[in-house]
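*Asks:* got a structure for you, letters missing:
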């Protein structure tokens with residue numbers, strides 16, 4: 001991701017107005033407009049596979065929706081706007097304004113991480129995402145290897161962590177009571193065979 005060079009900072013309202021007219025997607029990081037990097041075929045494949053599996057398992061739940069990378073979310077303090085790879089709404093969507101392109105109440109967020117984005121997604125972005133009172137689960141799916149990390153918010157507001165590795169394993173989404181095999185998530189994806197040797 002690269003910041004637009006024209007000015008140092010923008011107010012959130014101006015970012016949103018510019019973004020709605022822009023041809024390329026950009027995010028908003030505390031006043032800085034950051035162009036969203038393009039995704040390669042493995043990233044997109046994982047995103048589509050997982051979103052499809054989640055949709056299949058929750059389509060009987062009345063309010064739940066699965067949305068992909070075109071939907072923006074805004075933090076309660078309006079300092080950040082992101083495009084999550086996969087977004088699950090557990091309730092009726094709450095929008096930023098009369099437009100329906102910015103959601104304020106994400107229930108589950110999934111990010112597909114690469115070597116370049118892993119540190120930010122696992123640390124700074126996760127801290128930002130914790131501002132959402134509605135967020136119940138945060139899922140990180142490694143693009144290089146069959147590995148999924150899960151952060152689940154408990155009733156005491158503590159985040160519990162679990163990671164699973166290997167195509168034979170499954171990831172459980174507690175909030176929507178579903179379980180998805182990593183084999184399905186990584187279908188047609190060229191993951192590293194000996195994932196234990198990859199430097200995490």
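*Replies:* That came through fine. Computed from a predicted model, the values in this text were never measured in an experiment.
*Asks:* so residue 139, which of the three states?
*Replies:* Per DSSP: H, G, I helix; E, B strand; the rest coil, the local secondary structure of residue 139 is strand.
*Asks:* number of residues surrounding it?
*Replies:* 22 (other CB atoms under 10 Å). In short, each C-beta sits where N, CA and C put it, glycine included.
*Asks:* same check on residue 122?
*Replies:* For residue 122, the count of nearby residues is 16 (other CB under 10 Å).
*Asks:* ditto for residue 88
*Replies:* Other residues near residue 88 come to 25 when the count uses other CB under 10 Å.
*Asks:* element containing it, please.
*Replies:* strand 86-89 (DSSP states H and E).
*Asks:* list the neighbouring strands of that strand plus their orientation.
*Replies:* strand 65-68 (antiparallel), strand 108-113 (antiparallel) (DSSP bridges).
*Asks:* just say which of those is most tucked in.
*Replies:* strand 108-113 (a mean of 24; mean count of other CB atoms under 10 Å).
*Asks:* all strands of the chain, in order?
*Replies:* 2-3, 26-29, 32-35, 65-68, 72-74, 80-82, 86-89, 102-103, 108-113, 137-142, 147-153, 159-165, 170-173, 178-181 (DSSP state E).
*Asks:* so in the chain, where's the weakest helix or strand by average pLDDT?
*Replies:* Every helix and strand of the chain was ranked by mean pLDDT, DSSP states H and E. The lowest is strand 2-3, at a mean of 52.
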